[in-house]
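Chemist: everything below, folded, please.
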Amino acid sequence: MYLGIMKNKLTPEQEQELARIAMEIQAEAIQMKIDYEKNPSEESGSVIHIHQDSTYLDEDESKVE
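Modeler: Here you go, the predicted model:
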């Protein structure tokens, strides 16, 4: 893990700060996952963007898969 590699190069105070920040990020990620499970986004999924100069627009019956 990254924290193990950096452990020899950080002061004890820096190690504590890094561990605290890592725990905060992990807690936020868990909370975000729980929130998404309770309130799924209608905007999630794949989005296809076709540029105005795309060759797809040159063909009459092209299919985007």
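Chemist: only C-alpha atoms for contact and neighbour calcs from this point on.
Modeler: Will do.
Chemist: quick one, helices of this protein?
Modeler: 2-6, 12-38 (DSSP state H).
Chemist: shaky segments in the chain?
Modeler: 1-8, 44-45, 59-65 (pLDDT under 70).
Chemist: can you do 90?
Modeler: 1-10, 36-37, 39-65 (pLDDT under 90).
Chemist: just name the most buried of the helices of the chain.
Modeler: Neighbour counts (mean count of other CA atoms under 10 Å) averaged over each of these peak at helix 12-38, with a mean of 12.
Chemist: for I50, which non-adjacent residue is closest in space?
Modeler: Using CA to CA, 6 or more residues apart in numbering and skipping the chain neighbours, the partner closest in space to I50 is Y56 (7.7 Å).
Chemist: measure that neighbour to M32 for me?
Modeler: According to CA to CA, to the nearest Å, Y56 and M32 sit 37 Å apart.
Chemist: same check, this time on D53
Modeler: 38 Å.
Chemist: cool, and I25?
Modeler: Counting by CA to CA, the gap from I25 to M32 is 10 Å.
Chemist: cool, and L57?
Modeler: 39 Å.
Chemist: over to T11?
Modeler: Look at T11 and M32: by CA to CA, they are 31 Å apart.
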